[in-house]
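Below are the sequence and a predicted model; questions follow.
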Amino acid sequence: MKKIKILFATALLVLTACVTINIYFPAAEAKEAAEKIVDDVLGTKAMKPPTPAPGKDNQSMNLRLQQQGYAMSLLDILIPQAEAAGMGKFDADTPAVRKLQASMKKRNAQLKAFYESGAIGFTQDGLVADRDLSAVPLKQRGQLKNLLSEENKDRNQLYKEIARANGHPEWEKDIRETFAKTWIDNAGKGWWYQNAKGAWVRK
């Protein structure tokens with residue numbers, strides 16, 4: 001009985017924390033939206049880990065499922081309260097977002113060769129920057145500069161627009177960070193990106 005009470009209290013604390021986080025920034029929903037947009041722009045699929053096969057000893061799994069059952073019951077109570085406090089559907093599919101997405105997708109056809117040559121890469125703040133202009137013929141450098149300027153303009157506007165569409169301009173920083181990681185996760189093999197310290201790394 002004591003063990004059940006402890007599990008119940010733990011589930012309550014975890015759920016309360018999760019709901020509180022979602023009210024301020026729905027990280028999971030933002031990540032899902034970012035993956036959809038980035039995959040469409042780059043035309044690549046992020047590798048997803050395979051679902052592990054169930055083992056012979058399922059006691060720990062059954063315990064987790066039991067705890068999740070308690071959690072879902074509590075969720076039915078807590079979610080309406082959270083929605084009343086401002087948690088709603090995360091919207092990343094507005095006309096403005098679709099227009100920016102289409103623009104970046106079209107431009108990616110021109111940028112792809114520069115990614116592959118290592119001339120440019122993804123930055124840690126969700127943008128694109130030149131990394132090695134020596135890999136670009138002199139006559140193409142002006143074109144690349146314009147492409148980067150247009151791409152970064154669209155990306156900055158994308159993060160701002162998604163935050164605005166959800167009624168939370170203060171989410172722009174979190175959305176940018178979510179997209180920054182997603183661009184890197186979806187980068188092609190051999191492409192370059194900046195790590196957390198700002199150093200260029202080849203994927």
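It's in. Residues are numbered from 1 along each chain as shown.

ok, K89 to V201 distance?
As judged by Cβ to Cβ, to the nearest Å, K89 and V201 stand 36 Å apart. Where you see a C-beta, it was placed from the backbone N, CA and C, and this is true even at glycine.

In terms of neighbours, single out the busier of the two.
V201 (12 against 8; other Cβ atoms under 10 Å).

Any idea which helix or strand in this structure has the lowest mean pLDDT?
Within the chain, no helix or strand scores below helix 59-84, which has a mean of 47 by mean pLDDT, DSSP states H and E.

I'd like the next helix or strand past it.
Once the chain leaves helix 59-84, the next helix or strand it forms, by DSSP states H and E, is helix 95-117.

Scan this structure for its longest helix.
The residue-count maximum for a helix in the chain (DSSP state H) belongs to helix 138-165.

That helix vs helix 95-117, what angle?
On the basis of axes from the mean of the first three to the mean of the last three Cα atoms, to 10 degrees, helix 138-165 is oriented at 150 degrees to helix 95-117.

what packs against helix 138-165?
helix 27-42, helix 95-117, strand 128-130, helix 172-185 (3 or more Cβ pairs under 8 Å, 6 or more residues apart in numbering; DSSP states H and E).

please redo it, this time with the cut-off set to 6 Å
When contacts are defined as 3 or more Cβ pairs under 6 Å, 6 or more residues apart in numbering; DSSP states H and E, helix 138-165 sits against helix 95-117, helix 172-185.

How about it, which residues are buried there?
Neighbour counts over helix 138-165 (16 or more other Cβ atoms under 10 Å) mark 144, 147-148, 151-152, 154-156, 158-165 as buried.

swap in stretch 118-131?
By 16+ other Cβ under 10 Å, the buried positions in stretch 118-131 come out as 118-128, 131.
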